[in-house]
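Visitor: Got a predicted model here, sequence first, then my questions.
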Amino acid sequence: MIQAEFIISAVSEGDFPHEEIPEIVFAGRSNVGKSSMINRLAGKAKLARTSSTPGKTQSINFYRINDAFFFVDLPGYGYAKAGKFAVQQWKRLIEQYFNNRLSIVLVIQLVDSRMPPTDLDLRLSEWLAKLKIPRMIAATKSDKLSNNQRNASMRVLANSFGTQSVVMSSAETGAGYKEIWKRVLQETAVTESTRE
Ligand SMILES: Nc1nc2c(ncn2[C@@H]2O[C@H](COP(=O)(O)OP(=O)(O)OP(=O)(O)O)[C@@H](O)[C@H]2O)c(=O)[nH]1
Ligand SMILES: [Mg+2]
């Protein structure tokens, strides 16, 4: 059994937990399946709130897993109905987060397996590379693709992001989750931060 506990829904820097344990971050477009992935990994269907309407998660939600590390659910980007103000707020909060949290050990960047990466996906990827934060790409909703489509999608994503570290995943079937857990455990076993 995995122990998972909601800690806080942070709307600004001041809300971030003081505890310094490794953090695994889930980032990606709105509606891509970040909260669903956290629920599936934790084995708790209702830990993080999910919705078919994009823009469900607006704050940064921290969950403590097995008393050992945090899962951090970021609000999604690229939400069509988000106004200028919301986009600004999002940017500010995300920057505060990445600039302050030195215990981030891994960012799981979620992209939709059914389409090529968006500009914002690629920008996030470049930014994470600059910050020297380890990252893995998880292509979500792979249950909606045929085997052939999955293979094609893998190639497009590996090419676009310039990495072989792409895993096809489904929160519905659990495909890819063994590999994701393996990486999570690998990264959280390291206590030293890899960031300068
Ligand atoms: N078929 C399928 N549906 C999925 C999968 N993952 C998520 N979904 C669905 O996609 C929708 C969005 O999922 P969320 O987990 O709320 O997405 P999110 O990335 O947290 O979205 P925001 O909080 O708005 O940023 C929900 O209706 C989920 O049920 C998947 O692997 N397969
Ligand atoms: Mg969410």
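Guide: Cool, the structure landed. Ligands and ions are numbered 1, 2, ... in the order given.
Visitor: Tell me how many other residues surround residue 181.
Guide: By the criterion of other Cβ atoms under 10 Å, residue 181 has 12 neighbours. Glycine gets a C-beta too; all of them are placed from N, C-alpha and C.
Visitor: cool, residue 164 as well?
Guide: For residue 164, the neighbour count with other Cβ under 10 Å is 8.
Visitor: Also the one 10 residues further on?
Guide: When neighbours are counted by other Cβ under 10 Å, residue 174 registers 12.
Visitor: For it, which residues are in contact?
Guide: Residue 174 is in contact with residue 40, counting by Cβ atoms under 8 Å, 6 or more residues apart in numbering.
Visitor: swap in residue 2?
Guide: By Cβ under 8 Å, 6+ apart, the residues touching residue 2 are 41, 42, 43, 44, 65, 66.
Visitor: Please indicate which of these are buried?
Guide: Among the contacts of residue 2, the ones that count as buried by 16 or more other Cβ atoms under 10 Å are 41, 42, 44, 65.
Visitor: So which residues make contact with stretch 16-26?
Guide: Residues from elsewhere that reach stretch 16-26 (Cβ under 8 Å, 6+ apart): 7-8, 10, 34-35, 37-38, 60, 62, 64, 68-74, 97, 100-108, 110, 184, 187-188, 190-191.
Visitor: Kindly supply the PyMOL command isolating those of those residues that are buried.
Guide: Burial among these is assessed by 16+ other Cβ under 10 Å; the matching PyMOL selection reads:
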select buried, resi 7+10+34+35+37+38+60+62+64+69+70+71+72+73+74+97+101+104+105+106+107+108+110+184+187+188
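Visitor: restrict the contacts of stretch 16-26 to those near ligand 2?
Guide: Restricting those to those near ligand 2 by Cβ under 5 Å from the ion leaves 34, 35.
Visitor: Out of the contacts of stretch 16-26, list just those in strands.
Guide: Among these, the members falling in strands (DSSP state E) are 7-8, 10, 60, 62, 64, 69-73, 104-108, 110.
Visitor: so what's the spatially most central residue of the chain bridging to?
Guide: The residue lying closest to the centre of the chain (Cα atoms, centre = their mean) is residue 26, at 1.5 Å. Beta-bridge pairing of residue 26 under DSSP bridges involves residue 73, residue 108.
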